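Novice: No sequence on hand, only this structure:
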């Protein structure tokens with residue numbers, strides 16, 4: 001398992017779908033990779049709210065999950081993105097309560113939204129990075145990441161709930 005961080009959250013210009021990009025923390029210069037994972041709009045909103053530290057007046061789903069875990073004296077030890085099958089990523093929430101540890105199957109997007117709220121680290125299996133990561137050819141660094149986040153914020157401000165109805 002390799003620890004990663006969120007490099008960016010943006011809209012894919014071709015599909016108009018949100019994509020979260022994870023970047024390994026420790027990779028050699030010139031060998032850096034990025035792991036793009038396409039996610040749903042509600043999950044992207046939940047991640048963005050958590051990244052910005054926005055607390056809604058009533059708990060959203062991931063806030064509810066955090067509250068439940070806190071009240072049960074259980075903490076999220078880490079999130080592991082464990083495998084990818086036919087472009088679908090799988091994750092596990094590694095939970096700990098006293099001396100008991102359990103892995104709970106979850107979607108990566110929900111796992112990341114909860115991890116941000118609980119301050120838990122993110123890990124990706126080596127095999128997942130080998131299979132799905134792309135070379136990091138970015139040159140913008142943090143300024144480019146902020147521009148991508150701002151573009152996504154602008155999108156969220158202009159979207160209506162009716163846009164998500166089938």
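Specialist: That came in fine, so what should we check first? Because the structure is predicted, anything quoted here is derived from the model rather than measured.
Novice: Tell me, how many residues neighbour the nearest residue to residue 74 once chain neighbours are set aside?
Specialist: Nearest residue to residue 74, sequence neighbours excluded (C-beta to C-beta, 6 or more residues apart in numbering): residue 97, at 4.1 Å. To be clear about C-beta, it is placed using only N, CA and C from the backbone, and glycine gets the same treatment. Neighbour count for residue 97, taken as other C-beta atoms under 10 Å: 12.
Novice: Leaving out sequence neighbours, find the closest residue to the residue nearest the centre of the chain.
Specialist: The residue lying closest to the centre of the chain (C-alpha atoms, centre = their mean) is residue 112, at 3.6 Å. In this structure, residue 112 finds its nearest non-sequential neighbour in residue 47, 5.8 Å apart by C-beta to C-beta, 6+ apart.
Novice: Below-threshold pLDDT in this protein: ranges please.
Specialist: For the chain, the stretches with pLDDT under 70 are 28-30, 138-166.
Novice: now the helices for it?
Specialist: With DSSP state H as the criterion, the chain has helices at 41-51, 61-71, 108-118, 126-132, 141-158.
Novice: Quick one: residues contacting the residue of the chain positioned farthest from its centre.
Specialist: The centre of the chain is farthest from one residue, residue 99, which by C-alpha atoms, centre = their mean lies 27.1 Å away. Shown in contact with residue 99 (C-beta atoms under 8 Å, 6 or more residues apart in numbering): no residues.
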